[in-house]
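Undergrad: Sharing a model that was predicted from the sequence below.
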Protein chains: 4
Amino acid sequence: MSPPIRLGMVGGGTGAFIGAVHRIAARLDGEFTLVAGALSSTPEKARESGEALGLARSYDDYVAMAKKEARRRDGIEAVAIVTPNHMHAGPAIEFLKRGIHVICDKPLTATMAEAKKLARVAEQAKALFILTHNYTGYPMVRQARAMVAAGELGRLRLVQVEYVQDWLTEPAERHGSKQAEWRTDPARSGAGGATGDIGTHAYNLACFVSGLTPEALAADLSVFVPGRALDDNAHVLLRFEGGAKGMLWASQVAPGNENGLRLRVYGEKGGLEWAQEDPNYLWFTPFGKPKQRLTRGGPGTVPDAARVTRTPPGHPEGYLEGFANLYAEAARAIRARQAGEAIPAEVTYPTIADGLAGMRFVEACVRSSGRNAAWVKL
Amino acid sequence: MSPPIRLGMVGGGTGAFIGAVHRIAARLDGEFTLVAGALSSTPEKARESGEALGLARSYDDYVAMAKKEARRRDGIEAVAIVTPNHMHAGPAIEFLKRGIHVICDKPLTATMAEAKKLARVAEQAKALFILTHNYTGYPMVRQARAMVAAGELGRLRLVQVEYVQDWLTEPAERHGSKQAEWRTDPARSGAGGATGDIGTHAYNLACFVSGLTPEALAADLSVFVPGRALDDNAHVLLRFEGGAKGMLWASQVAPGNENGLRLRVYGEKGGLEWAQEDPNYLWFTPFGKPKQRLTRGGPGTVPDAARVTRTPPGHPEGYLEGFANLYAEAARAIRARQAGEAIPAEVTYPTIADGLAGMRFVEACVRSSGRNAAWVKL
Amino acid sequence: MSPPIRLGMVGGGTGAFIGAVHRIAARLDGEFTLVAGALSSTPEKARESGEALGLARSYDDYVAMAKKEARRRDGIEAVAIVTPNHMHAGPAIEFLKRGIHVICDKPLTATMAEAKKLARVAEQAKALFILTHNYTGYPMVRQARAMVAAGELGRLRLVQVEYVQDWLTEPAERHGSKQAEWRTDPARSGAGGATGDIGTHAYNLACFVSGLTPEALAADLSVFVPGRALDDNAHVLLRFEGGAKGMLWASQVAPGNENGLRLRVYGEKGGLEWAQEDPNYLWFTPFGKPKQRLTRGGPGTVPDAARVTRTPPGHPEGYLEGFANLYAEAARAIRARQAGEAIPAEVTYPTIADGLAGMRFVEACVRSSGRNAAWVKL
Amino acid sequence: MSPPIRLGMVGGGTGAFIGAVHRIAARLDGEFTLVAGALSSTPEKARESGEALGLARSYDDYVAMAKKEARRRDGIEAVAIVTPNHMHAGPAIEFLKRGIHVICDKPLTATMAEAKKLARVAEQAKALFILTHNYTGYPMVRQARAMVAAGELGRLRLVQVEYVQDWLTEPAERHGSKQAEWRTDPARSGAGGATGDIGTHAYNLACFVSGLTPEALAADLSVFVPGRALDDNAHVLLRFEGGAKGMLWASQVAPGNENGLRLRVYGEKGGLEWAQEDPNYLWFTPFGKPKQRLTRGGPGTVPDAARVTRTPPGHPEGYLEGFANLYAEAARAIRARQAGEAIPAEVTYPTIADGLAGMRFVEACVRSSGRNAAWVKL
């Protein structure tokens, strides 16, 4: 085992949700060690958070961090960006420019302009850009993708995806929830509410598994909680190249749904069904044959799933393991790059292209909805 | 127990699916006795089927049957119409005109013109018209409707309904399936394929439980099996009066789905979820409280559900019992009418108005889809 | 269709649970018509119940009924006995002696002495004796039995069965529940409480599906509700001829369990799992292959299951349909017997032998438990 | 965050299952850093494995390791023992004697003699002894335990526990499976096969959640695979102090079961049900009220569960997180001990006492089974 990759973090100070997730994911396989951070945009909190985490080096702002780390012999090799959306592009560009690999939370940015700017930098940078559409890290999602690619469903006809939550059923943003505050604030989140926060995950997952290219969408976005500035529910029709069609539903106001990301894909020969809350199972329904419940690591596991599996069947893996798989993939890619080798073909993670696609999705939803759910090209 | 109501049947000859279902449903509570029929449009088959069922009186055509039965002292009091869609209006009108109650399968008719004609007759007739949107007969559907009406979900925001099957994944209509033949034939089915056959059920269920009035829809209908004349998949966005929104998905080409009618309704205070294939359960999710799985006849059962329940909790009821509940409701209504009494307030069944609503739904779907999923008023 | 078989009923007056179930089951396929009854041991109630059901002939006691019906040209051809256990043997013998077929609820009798006496009569009678271990009527139970018999599980090793309820968690028998009163009364129920009421069902199901012959058992019976005279929980170890082993758990004091009859069978090559509350599914787990969820009427259905199926896959059947299957089997057997023909090989129903086996099971449980769960031969 | 605790490992060389699990669990919260190991009993493999893992110090045998590490200023503070059962006591005693905390896999030892010897040492040692009955680390198991302790089920009556697998359905030990080899070898496993390997987990879980003290058991152990030296199936009846009763089933020959640990507990007022393969859910069934599905972190979460939870509801945690919770508890205890403070009351982990209880369970099962399932005191 090589020594762990030195990792920095931007955002993720005390109390943040996703920062803690990234730290566990980075640590889980021992492939990364967190050594530096600019954990908050308020310097005092940044320092306190850095101390609380025992960071070797804590910075007040990410620009200083990028500059200084780039100059150190033992400076960070990669950085995790776990800020609100409007603070993704700035740090990402700073670090990429200096050859430091970037692992960035989704959606890519708050605005399309930022997204394009970041994309230009990322495409020319030597450093890698990994976007944490973490649900693509689940073994059974990899299994589903591989089965579709192998033709086990035949030509695809239907892609039904939904991501349903309930935590914004009431105006949590007005009752002290930091998470709710920035997610419902256009200045920090961008043009999409539920659309950006979870719709992009659903969209990414649908594309990742189906391998299809979306062509157009028609979206009916809603704000159900009075006074909220961004959509909290999105009803979207999808059309893909080649004739497949789909529905996407993203909601944060459906009581009883915690983190209900669910994908169903149907082709001429069979179907697949996967639900994030029970991620170790994948239903496979070859037409005219008994319905099969595939289990992670169980009979029928394909190599693409096996290689991102840690425990035997029946020993459930969860959200953190799926997330950690993206960090493990990032580590493989970074190490290959550092060794001057090609990134192995099987290494799979969402890229800047996926980030741009997500931004186009949000923009198209907003545009379509503004035109009474007219079809908008993607 | 009063003597059973004398029932006739139009359609439902040997080999038909829904005719046999109606017969069991009619018999289950001992409220009806089948005595006459015009079971097929081909006289010979009509006679053979009548004999096979031991009918007292078998007719070659429904007009003769209506005339003769109406004249008999012991003639039928009600008739079940279980023909393909294009053969609903004709017989229904013949029997209604003669004061014979009509229990008719859905959708109402094949065309809107027929539907309107039938509606005019039904509205003026003394006899009753009951449409077998049978899924409204399930106890837990009644439970859901009552809970919504009682405000347990608060004001509704979302109605997600789907009805998904797989039996038309391949062109069964070209391989000898009678069921598939007429359902994919516009001359017999009307303008809607999956839309008419199962979409109307989904639409009716959504309205029945939510109590909402649909305002407009946008539909993207597809024909996935080459050469098929009618849609085999429908993606529909819904808008209701008062601001609630919904999605409706009807498909007959989704491998692994047998008869997947599923409804989810969400309001400001809670949600409900019901699936036809596991009909004895109803999930109730009051916001911020533990998720409850209500069981038919179990704790929390409301009177509207209890009165259509036959067996104790844990002794599952199914499709036939749900269907039979409509016959039981019909019997109560018919007996009240025969006694010159008002139909009791709790007696609940789909009427001609529901049938018209279903026809408007199909027509709107076809029209919207023809205009690239533009919004169409309902 | 032949004219329905004329049926009588002993027990099952107003308010009884199982009498109403038998009536629906008898009616469901139109194979029986209920014409006579001695519905209660109190003459007045018998008459009132008979009127309420619209019976042609109502009797004050079953002996009179047996005598008179046997003499009538249009007398009953079969009788359903739905009384408490101690009232099974008497009527059954009266009717069998007179050539009237008997359909009798389980367990066979209240005492072993009665059981043996009845068995002697039944074995010599020309009339048939059908015991309503109704759970053997479910299509997926038939499917399971056929798959085991066909060797799909290989040689069996394990049989795990449980039947768990909660309705006697509190002393319902002291709070007005008629059902609870007689079931917890040794004079009416016999030596077994939960053991007799539901343990016999579990035992019968395990034997029916596995095809194994039990050799010995060790039972630990409990009375958890103070003051109750009969066991309300049974823990039983089983040994079968040939080396297979099993566990049987019957309880009526497990809160949250409604009618939880569940069977799991494992052999050298695979396993099966079935649960009565979700009866349309059967899990099949061939060793080393993906787990399959078979559905009633769906892919993989065997002829033994198909012949007792009424509706297509996804249109759930329930408790009443399973029960009705025993009546349908009884009708086939009775008609064959009436025609002087052999009963077709595929016709399957529990017989007097199953009834005796159930009584031996109860007796062995009580005996074993009295000897501190020592092994007792069966 | 304090610097991580320096951890050593005995056993867990390349290819071992549980060693890798311990390493991830130790690393997940950043509380431990693995610095030394004697990873195999064959020196060469020990060294290679140490290198592969990038260990700072690799030893050929655990005695040398214990001696040398104890003398170093930067020596290990704790050691994980992940060898086969017969190699637990030796190293545990060596490290405990030298004040190094021990985290040891279950079952405690291979023989009762070893267990008692180890217990004497552990009870007198200043260092802590933590036994990884990891299933007690799951949040919903903590929730269940707390709810029982708070009286939400009332006085307990029934404890039904099972741990069912299928991986020894065929003689894997003769076809190259290292895992199967030592587990079916009495010299390395001890007197119990399935009983020791998984039965002890089930037994521990039942006691942990119920809080009951077992009094006696009756066990019927089986060897289903010819030639196997240890039981591969255990059927056990349980009696607890105070009158509660239970069943325990452990099997490694039930096809289709991967890691099916499942617990059901019932009291006078309600029941609880938990399944390891779906660990984020806990069914709570208060008698006479609707069944509730509690979710990890969701409504109704108690503090004992919340404190071992990392991700929000709907973001599933799994086996590794549950395992890591024991390491996190160990870290809290070790840090308290190092600071000379009392271990906080809420810190909960299985101890040497649990290990002894498990050994008594295995011994009692073997003894009872040898006497034809006679009752044996615990």
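TA: That came through fine. All of these numbers come straight from a predicted model, not from anything done at the bench. Numbers count the residues shown, from 1 in each chain, chains lettered A, B, ... in the order given.

Undergrad: Next up, the contacts around the residue lying farthest from the centre of chain A.
TA: Distance from the C-alpha centroid of chain A peaks at residue A:288, with 35.2 Å (C-alpha atoms, centre = their mean). Shown in contact with residue A:288 (C-beta atoms under 8 Å, 6 or more residues apart in numbering or on different chains): B:255, C:299. Where C-beta positions appear, they are placed from N, C-alpha and C, glycine not excepted.

Undergrad: On the three-state scheme, it is what?
TA: Following DSSP: H, G, I helix; E, B strand; the rest coil, residue A:288 is assigned to coil.

Undergrad: right, is stretch A:203-222 up against chain D?
TA: No - remark: stretch A:203-222 sits outside contact range of chain D, by C-beta under 8 Å from any C-beta of the partner chain, the gap being at least 15.0 Å.

Undergrad: what number of residues lie near residue A:211?
TA: By other C-beta atoms under 10 Å in any protein chain shown, the residues close to residue A:211 number 12.

Undergrad: just checking, it touches residue A:148?
TA: Yes - with contact defined as C-beta atoms under 8 Å, residue A:211 reaches residue A:148; the gap is 6.0 Å.

Undergrad: Would you quantify the distance from the residue farthest from the centre of chain A to residue A:269?
TA: 9 Å (C-beta to C-beta, to the nearest Å).

Undergrad: Between these two, which contacts overlap?
TA: What both residue A:288 and residue A:269 touch, as defined by C-beta under 8 Å, 6+ apart, is the set residue B:255.

Undergrad: wait, isn't residue A:302 in contact with residue A:148?
TA: No - Residue A:302 lies out of contact with residue A:148 (C-beta under 8 Å); the separation is 11.1 Å.

Undergrad: Which one's more surrounded, those two?
TA: residue A:148 (21 against 18).

Undergrad: list the contacts for residue A:224?
TA: Going by C-beta under 8 Å, 6+ apart, the list of residues near residue A:224 reads A:232-233, A:253, B:157, B:243.

Undergrad: For it, give me phi and psi.
TA: Backbone torsions for residue A:224, taken as degrees, to the nearest 10, come to phi -90, psi -30.

Undergrad: Tell me, what's the model's pLDDT at it?
TA: As predicted, residue A:224 sits at a pLDDT of 98.

Undergrad: correct me, but residue A:296 touches residue A:144?
TA: No - using C-beta under 8 Å, residue A:296 is not in contact with residue A:144; the gap is 11.6 Å.

Undergrad: Quick check: residues of the stretch 251-378 of chain A near chain D?
TA: Near chain D, when you scan the stretch 251-378 of chain A using C-beta under 8 Å from any C-beta, you find A:257-260, A:276-280, A:295, A:298, A:310-321.

Undergrad: overlap between those residues and the residues near chain C?
TA: A:295, A:298.

Undergrad: Mark which of the residues of the stretch 251-378 of chain A next to chain D are part of strands, please.
TA: Those of those mapping onto strands are A:260, A:295, per DSSP state E.

Undergrad: Which members of the residues of the stretch 251-378 of chain A next to chain D are positioned in helices?
TA: Of these, the ones assigned to helices by DSSP state H are A:319-321.

Undergrad: And those residues, which is closest to chain B?
TA: residue A:319 (19.1 Å; C-beta to the nearest C-beta).

Undergrad: In contact with the residue nearest the centre of chain A, which residues?
TA: Nearest to the mean C-alpha position of chain A, by C-alpha atoms, centre = their mean, lies residue A:133 at 1.6 Å. Going by C-beta under 8 Å, 6+ apart, residue A:133 touches A:106, A:200-201, A:204-205, A:208, A:326, A:350, A:354, A:358.

Undergrad: how about 10 Å then?
TA: Shown here is residue A:133, whose contacts under the criterion C-beta atoms under 10 Å, 6 or more residues apart in numbering or on different chains are A:105-107, A:200-201, A:203-205, A:207-208, A:326, A:349-351, A:354-355, A:358.

Undergrad: And residue A:107, by the same measure?
TA: Counted by C-beta under 10 Å, 6+ apart, residue A:107 has contacts A:85, A:88, A:115, A:131, A:133, A:189-190, A:192, A:195-201, A:203-204, A:355, A:358-359, A:361-362.

Undergrad: at 7 Å instead, please
TA: Contact analysis of residue A:107 by C-beta atoms under 7 Å, 6 or more residues apart in numbering or on different chains lists A:85, A:196, A:200, A:358-359, A:362.

Undergrad: what's the answer for residue A:99, then?
TA: Residues in contact with residue A:99 (C-beta under 7 Å, 6+ apart) are A:126-127.

Undergrad: I figured residue A:365 hits residue A:196, correct?
TA: No - here residue A:365 lies out of contact with residue A:196, judged by C-beta atoms under 7 Å, at a distance of 8.9 Å.

Undergrad: Can you give me the end-to-end span of stretch A:175-186?
TA: One end of stretch A:175-186 to the other measures 18 Å (C-alpha to C-alpha, to the nearest Å).

Undergrad: residues in contact with it?
TA: A:15, A:17, A:84, A:168, A:172-173, A:188-189, A:193, A:197, A:228-230.

Undergrad: near chain D, which of these show up?
TA: Among the contacts of stretch A:175-186, proximity to chain D is found for residue A:17 (C-beta under 7 Å from any C-beta of the partner chain).

Undergrad: which of the contacts of residue A:224 are buried?
TA: Buried subset of the contacts of residue A:224 (neighbour count, 16 or more other C-beta atoms under 10 Å in any protein chain shown): A:232-233, A:253, B:157.
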